[in-house]
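> Fold the following.
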Amino acid sequence: MFKKGTRKEMSQLKDEVLCKYCLGCNKLENPNFAGWKRCKDFAAGYDNWKKQYYDALKKQTRINFKKK
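As a prediction, the model looks like this:
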């Protein structure tokens, strides 16, 4: 079906992307899709998705521009 070496593998989604916890749309089939942080078609795929998502957002490093 695919020529050897032409098939792109899907990259791993980051924890702070809402799509990691979703079962809604099929956009994840596209290997170039990076994910969304807000989505109107979100369908929870885990029981504790909120806790996992918000913990990942807290761990995300942010740049502090005021600090010199």
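
> number of nearby residues for Cys19?
Applying other Cβ atoms under 10 Å, we find 20 residues neighbouring Cys19. Just so you know, the C-beta spots here come from the backbone N, C-alpha and C atoms, and that holds for glycine as well.

> can you pull the contacts of the residue nearest to the spatial centre of the chain?
In the chain, the centroid-proximal residue (Cα atoms, centre = their mean) is Val17; its distance is 3.2 Å. If you count contacts by Cβ atoms under 8 Å, 6 or more residues apart in numbering, Val17 has them with 34-37.

> And the pLDDT at it?
On the pLDDT scale, Val17 is placed at 83.

> farthest-separated two in the contacts of Val17?
For these, the farthest-apart pair by Cβ to Cβ is Ala34 and Lys37; their separation is 10.3 Å.

> quick revisit: what's the separation between the residue nearest to the centre of the chain and Asp47?
When distance is defined by Cβ to Cβ, to the nearest Å, Val17 is 19 Å away from Asp47.

> do the same with Ala56
Relative to Asp47, Ala56 is positioned 16 Å away (criterion: Cβ to Cβ).

> Between the two, which has more neighbouring residues?
Neighbours per residue, other Cβ under 10 Å: of Ala56 and Asp47, the larger number sits with Ala56, 16 against 8.

> Just want to check the distance between the closest residue to Gly35 other than its chain neighbours and Ala44.
In space, and not counting its chain neighbours, Gly35 is closest to Val17: 3.4 Å by Cβ to Cβ, 6 or more residues apart in numbering. Taking Cβ to Cβ as the measure, Val17 falls 15 Å from Ala44.

> Then Cys22?
Distance check for Cys22 against Ala44: by Cβ to Cβ, it reads 7 Å.

> Looking at these two, which one has more neighbours?
A direct count of neighbours by other Cβ under 10 Å for Cys22 and Ala44 places Cys22 higher, at 21 against 13.

> ok, that one touching Ala43?
Yes: using Cβ atoms under 8 Å, Cys22 is in contact with Ala43, at 5.9 Å.

> Low-confidence bits of the protein, can you list those?
1-11, 61-65, 67-68 (pLDDT under 70).

> Could you rerun that using 80?
1-16, 24, 26, 28-29, 31, 60-68 (pLDDT under 80).
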